[in-house]
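A.B. asks: pasting a predicted model and its sequence here:
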Amino acid sequence: MKLRDALYNWLQMKIVSDARPDDGAAVETRDFFVTILTEDHKLSRFTVYETTDRYYVVHYELEGRTSTEKFDRELAEQLLNDIESNPKYNE
């Protein structure tokens, strides 16, 4: 999995798990992507640095160098919107 894809998947699951802290599957999936980012991609740190009306900006550190990736806010929040609009996941 490419780094940008792993960051995006982690971001989506972070959004979901932050909004639904009692959703064990969301928390486990977020933690799975944390493992991918730390073990496979060797990131020492990553966090949502900024949220604007249009973007999430994720800062990460790799080999002592800090970088950023921007992700479309609407797309990043789509998974949460899909989950919340499905009655099966909200009983």
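C.D. replies: Yep, it's here.
A.B. asks: give me phi/psi at the residue nearest to the spatial centre of the chain?
C.D. replies: For the chain, residue 11 is the residue whose C-alpha lies nearest the centre (CA atoms, centre = their mean; 1.2 Å). With angles defined as degrees, to the nearest 10, residue 11 sits at phi -60, psi -50.
A.B. asks: thought it was touching residue 48?
C.D. replies: Yes. Using CB atoms under 8 Å, residue 11 is in contact with residue 48, at 6.9 Å. For the C-beta atoms, the positions are set from N, CA and C on the backbone; glycine is no exception.
A.B. asks: which residues do those two both contact?
C.D. replies: Shared contacts of residue 11 and residue 48, defined by CB atoms under 8 Å, 6 or more residues apart in numbering, comprise 56, 58.
A.B. asks: for residue 63, grab phi and psi.
C.D. replies: Dihedral angles (degrees, to the nearest 10) for residue 63: phi 50, psi 40.
A.B. asks: list the contacts for it?
C.D. replies: The contact partners of residue 63, taken as CB under 8 Å, 6+ apart, are residue 42.
A.B. asks: please shift the residue numbers so they start at 34 in all later answers.
C.D. replies: Sounds good: first residue 34 from here, last item residue 96.
A.B. asks: contact partners of the worst-scoring helix or strand of the chain on mean pLDDT?
C.D. replies: Least confident helix or strand of the chain, by mean pLDDT, DSSP states H and E, is strand 76-84 with a mean of 91. The contact list for strand 76-84 (CB under 8 Å, 6+ apart) reads 40, 43-44, 47, 70-71, 89-95, 101, 106.
A.B. asks: which stretches of this structure form helices?
C.D. replies: 36-52, 57-68, 106-117 (DSSP state H).
A.B. asks: which of these is buried the deepest?
C.D. replies: helix 36-52 (a mean of 19; mean count of other CB atoms under 10 Å).
A.B. asks: mind exporting the C-alpha coordinates of it to PDB?
C.D. replies: Extracted in PDB, the C-alpha atoms of helix 36-52 (Å, rounded to 0.1, in the frame of the first residue of the first chain):
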ATOM      1  CA  LEU A  36       2.000   5.900   1.800                       C
ATOM      2  CA  ARG A  37      -0.600   8.400   0.600                       C
ATOM      3  CA  ASP A  38      -3.200   5.700   0.500                       C
ATOM      4  CA  ALA A  39      -2.300   4.500   4.000                       C
ATOM      5  CA  LEU A  40      -2.500   8.100   5.300                       C
ATOM      6  CA  TYR A  41      -5.900   8.600   3.600                       C
ATOM      7  CA  ASN A  42      -7.300   5.300   5.100                       C
ATOM      8  CA  TRP A  43      -6.000   6.200   8.500                       C
ATOM      9  CA  LEU A  44      -7.600   9.700   8.200                       C
ATOM     10  CA  GLN A  45     -11.000   8.200   7.300                       C
ATOM     11  CA  MET A  46     -10.900   5.800  10.200                       C
ATOM     12  CA  LYS A  47      -9.700   8.500  12.600                       C
ATOM     13  CA  ILE A  48     -12.700  10.600  11.500                       C
ATOM     14  CA  VAL A  49     -15.000   7.700  12.100                       C
ATOM     15  CA  SER A  50     -13.500   6.500  15.400                       C
ATOM     16  CA  ASP A  51     -13.400  10.100  16.700                       C
ATOM     17  CA  ALA A  52     -17.100  10.500  15.900                       C
END
